[in-house]
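1. Need coordinates for the below:
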Amino acid sequence: MSYTTNEEDQRKAAELQARLARDSVDGAKTDQDIASAYQVPNVSIDEGANKYVLITACLPGGSERQNFVVSRKGAAYHQNAAEPFVELLERNNYSSIRILGGGRIALDHAKKTCSIYGHSYGFGLADHQLSKAVIETDNRYKEYEITWSNDGY
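-> Below is the predicted model of the structure:
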């Protein structure tokens, strides 16, 4: 099955970006909200070649930023990979959530390889070098060959 970015996907991506911009202005958290927060892992990537997004957010109760690399098997559009993870961050009281861009990640556990490439029409080109650095901090991928390129779709 082949998917092509369309006006509907681009509209939904823009709506998600606009909502996140509003929420960062409106979203004050209480001490109880912060105490109940869960530390969300930096890397959530599915095996295979999938669309991915690079997300940044402030940790609960502070201004320290954390970057996240997220891919989702079967995501027709980058927004489909981003939205469930953004909701997870929101439920766990992260603030100032931003989607920095997207692309594709090809993860092969058998070969211990991870290739980051391409771009997102809805969110723009992610900083693949930063995405690689985020993945390299995750011990699950310490023995993987991780590469990146701005080429491809």
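2. where does this structure have low pLDDT?
-> Scanning the chain with the threshold set as pLDDT under 70 gives 1-4, 23-38, 153.
3. swap the cut-off to 50 and go again
-> 1-2, 29-36 (pLDDT under 50).
4. Name the single longest helix found in it.
-> Identified as the longest helix of the chain according to DSSP state H is helix 7-26.
5. which other residues reach it?
-> 76-79, 82-83, 86, 90, 95-99, 120-123 (CB atoms under 8 Å, 6 or more residues apart in numbering). Every C-beta, even on glycine, is put in place using the N, C-alpha and C of the backbone.
6. mind listing which of those are in helices?
-> Short answer: the contacts of helix 7-26 in helices (DSSP H) are H78, Q79, A82, E83, V86, E90.
7. Select only the buried ones of the contacts of helix 7-26 in ChimeraX?
-> Once 16 or more other CB atoms under 10 Å is used to decide burial, the buried members of those can be selected in ChimeraX as follows:
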select :76,77,78,79,82,83,86,90,95,96,97,98,99,120,122,123
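8. What separation do you get for D151 and D46?
-> D151 is 22 Å from D46, where distance means CB to CB, to the nearest Å.
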